[in-house]
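>>> My questions concern the predicted model and sequence given below.
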Amino acid sequence: MEIELKNLNKKFNEKSIFTNFNFKFHSSRRYALYGPNGSGKTTLLKLISNLVKEDDGEIKFTNKSSSISYINSDTRTFFQRLSPVDNLYFFGSINGMSKTQVRKAIEEDFKDFNITSFMDMPLSNLSLGQVQIINIVRGFLIQPNVLLCDEIFANLDEKNVKNLILFLDNYKAKKDLIEIYTSHNKDFLKNFCDEEIFL
């Protein structure tokens, strides 16, 4: 699988973020995306995930049935008064998943994160680290083969960072997967990823 960006152009309020930008992403590779604030890291991930539309150019997927997850550290996309499990039931249902399927994914794939201890609490009562774990769980419900991670390790303690790395390694071993990561911790990404992209 490949994702090819061809002559990509994007402006916001007349400020050019990308001008004739070209790149090709390959499966089984982890990409680290670097650049100062405003350089277009988040915009690029949103363009690939079709959350933002390019002004000109083309984003071409060789696998037409690609399943794309964009995961960030934003808590505002959840229903704060609902529990994590009810939030996940809702987002799973959007993708045609039953409650049984969602519950199975939670219990089997994320057992190492100890999320059962807070799955029935109101989301507004959780710590930022706990909400970030729910963010990650939501992103993997659809079993993506394109993984776009915008500060995915934010707010996680050392133990859960290790759990997430192990989970990602195991997931990568089973999937024809393209992974793209941003992080303020460049040293971490340099060791974690296969290739670096500077914007």
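Perfect, thanks for sending it. Numbers count the residues shown, from 1 in each chain.
>>> who's in contact with the closest residue to Ile68 other than its chain neighbours?
When the adjacent residues along the chain are set aside, Ile68 lies closest to Val146, with 4.3 Å between them (CB to CB, 6 or more residues apart in numbering). For every residue, glycine as well, the C-beta is placed using N, CA and C. In this structure, Val146 makes contact with 3, 48-49, 61, 66-69, 177-178, judged by CB atoms under 8 Å, 6 or more residues apart in numbering.
>>> Separate out the buried members of these.
Buried residues within the contacts of Val146, counting neighbours by 16 or more other CB atoms under 10 Å: 3, 48-49, 61, 68-69, 177-178.
>>> what packs against the longest helix anywhere in the chain?
Looking only at the chain and at elements set by DSSP state H, the helix with the highest residue count is helix 158-174. Secondary-structure packing of helix 158-174 (3 or more CB pairs under 8 Å, 6 or more residues apart in numbering; DSSP states H and E): helix 128-140.
>>> rerun that using 10 Å as the cut-off
Using 3 or more CB pairs under 10 Å, 6 or more residues apart in numbering; DSSP states H and E as the contact definition, the elements that helix 158-174 packs against are strand 29-34, helix 99-109, helix 128-140, strand 146-150, strand 178-182, helix 186-192.
>>> So for Arg81, which of those sits nearest?
With CB to CB as the measure, helix 128-140 is the member of these nearest Arg81 (13.6 Å).
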